[in-house]
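K.L.:
Dropping a prediction and its sequence here:
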Amino acid sequence: MPSPTSKQLAGSLALLAVLAPGVGAQGVCSSDGQPQPVRLLERFLSADCERCWNTGAALAPNGAGTALTLDWIVPGRLGDDAPLSAAASRDALTRLAALRRAAPREQLAVSTKVANGRGDTVRVAHGVALGGYIGASIEASVEAQRRQTTAPLTAVLLLVETIAAGSDGTPIERNLVRNMLQAPWNGDSLLQKKKQISWLERRPLSIPEGANPERLRVVGWLEDRRGHLVAATQSACRPDLP
């Protein structure tokens, strides 16, 4: 990946400033007020399988109102000649490895329960796209006493492009993962004698070529050392904000 130019870095810093506490809500989309999903459904499609993208009904979630659904395009055997290669990401292989699953020849769906324990929360937010980057943040809060045995924790922040059903050849809505950030949360901080411990990470995320900036948002979750999901959430833009 090429290094960002000074102009891009300046834009990224501006985007991160928008996400700083105390700054007005204009131009920021967050997970505030969004329902907490009770499970995460991840659909992995091989870049070789154009038919998988053009159908997909078999992998549509049941009870979509309680599920957070993601779509990953896995690099295929055809490499750059694969029909879906433009949207393929090695992040999909990283995620499959974390789930201890092999890359599918066609498609694979994995459903994971989200614990949503009392006192465990995740908040995500993002600003506007600028210079090929988008400023994003993930904030987590956990109840210290119940998490001492599960440290270290990892925060996962995803840049997702939401593609409506009937667009770009897909008959179902897709939440296509475009970028992934994994940020370890130092386990030592969980041993402090506090009832509640919070943590915040702000980063500029690069927008891959071909992604539509107007359809981008962020998804985040917190997982423990066993890969169990402690809490998860997704951003939504509210046009009613000033």
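P.N.:
That came through fine.
K.L.:
Only C-alpha atoms from now on, for both contacts and neighbour counts.
P.N.:
OK.
K.L.:
residue ranges for the helices of this protein, please.
P.N.:
6-18, 50-54, 90-98, 144-147 (DSSP state H).
K.L.:
so where's this protein uncertain?
P.N.:
Along the chain, the model assigns pLDDT under 70 to residues 1-27, 57-65, 144-151, 186-194, 238-242.
K.L.:
all strands in it, in order from the N-terminus.
P.N.:
29-30, 39-46, 67-74, 107-113, 121-130, 133-143, 153-163, 174-185, 196-206, 216-223, 229-234 (DSSP state E).
K.L.:
Against D91, how distant is the residue most central in space within the chain?
P.N.:
With distances taken as C-alpha atoms, centre = their mean, L158 lies nearest the centre of the chain, 2.3 Å away. Distance, L158 to D91, by C-alpha to C-alpha, to the nearest Å: 10 Å.
K.L.:
same deal with G135?
P.N.:
19 Å.
K.L.:
Which one of those two is surrounded by more residues?
P.N.:
Higher neighbour count among G135 and D91: G135, with 25 against 19, using other C-alpha atoms under 10 Å.
K.L.:
Count the residues that sit near the closest residue to that one other than its chain neighbours.
P.N.:
Leaving out its chain neighbours, the residue that sits closest to G135 by C-alpha to C-alpha, 6 or more residues apart in numbering is P204, at 4.3 Å. When neighbours are counted by other C-alpha under 10 Å, P204 registers 23.
K.L.:
can you check A109 too?
P.N.:
So A109, with other C-alpha under 10 Å, has 16 neighbours.
K.L.:
check contacts around the closest residue to it other than its chain neighbours.
P.N.:
Spatial nearest neighbour of A109, chain neighbours left out: R43 (4.5 Å); criterion: C-alpha to C-alpha, 6+ apart. When contacts are counted by C-alpha atoms under 8 Å, 6 or more residues apart in numbering, R43 touches L59, T69, L70, D71, W72, Q107, L108, A109, V110.
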